[in-house]
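Chemist: My questions are about this predicted structure, shown below with the sequence.
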Amino acid sequence: MSCGEPHETDCSEVLDHLYEYLDREMPDSDCEKFKEHFDECSPCFEKYGLEQEVKKLVRRCCGHDDVPTDLRAKVMSRIDVIRAGQAGESAAAEPEPAGPDGAQQASS
Ligand SMILES: [Zn+2]
Ligand SMILES: [Zn+2]
């Protein structure tokens, strides 16, 4: 899950706190570290871009910032499919979540 380059901030740490970064829930000093990391680490930057797209989509559709976990998973897998098709890469290593095919949608 890393590009193999040494970074000041570990990739796993960046990915662990990706949502805090997206939601601006972290101190400025950490934001700076993350920005630097995305500059030099394309795998993490791609992941960040994906999450950002998901958030934008959800905000546009639902008018709020909360991404329900199953919706997020759906959007992510959708984006994965699109991107895999574009790039002509083999399937991503992320396993499909088990369960019925989204027949039930959580609603409040
Ligand atoms: Zn990284
Ligand atoms: Zn890296």
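Modeler: Yep, that arrived. Ligands and ions are numbered 1, 2, ... in the order given.

Chemist: buried stuff in the longest helix seen in the chain?
Modeler: Ranked by residue count under DSSP state H, the longest helix found in the chain is helix 42-62. Residues 44, 47-48, 50-51, 54-55, 57-58 are the ones in helix 42-62 that count as buried (16 or more other CB atoms under 10 Å). (Each C-beta comes from the backbone N, C-alpha and C, glycine too.)

Chemist: Relative to Asp80, which of the residues you listed is nearest.
Modeler: Nearest to Asp80, judged by CB to CB, of the buried residues of helix 42-62 is Leu50 at 8.3 Å.

Chemist: picking up where we left off before, turn the buried residues of helix 42-62 into CSV, columns for distance to Glu13 and pLDDT.
Modeler: Listed next are the buried residues of helix 42-62 as CSV, based on distance: CB to CB, whole Å; pLDDT from 0 to 100:
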residue, distance to Glu13, pLDDT
Cys44, 10, 94
Lys47, 13, 94
Tyr48, 13, 95
Leu50, 18, 92
Glu51, 15, 91
Val54, 21, 87
Lys55, 20, 86
Leu57, 26, 84
Val58, 25, 81
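
Chemist: which other helices and strands contact the longest helix of the chain?
Modeler: helix 11-16, helix 18-22, helix 28-40, helix 69-87 (3 or more CB pairs under 8 Å, 6 or more residues apart in numbering; DSSP states H and E).

Chemist: how far away is Cys41 from ligand 1?
Modeler: Going from Cys41 to ligand 1 by CB to the ion, to the nearest Å gives 3 Å.
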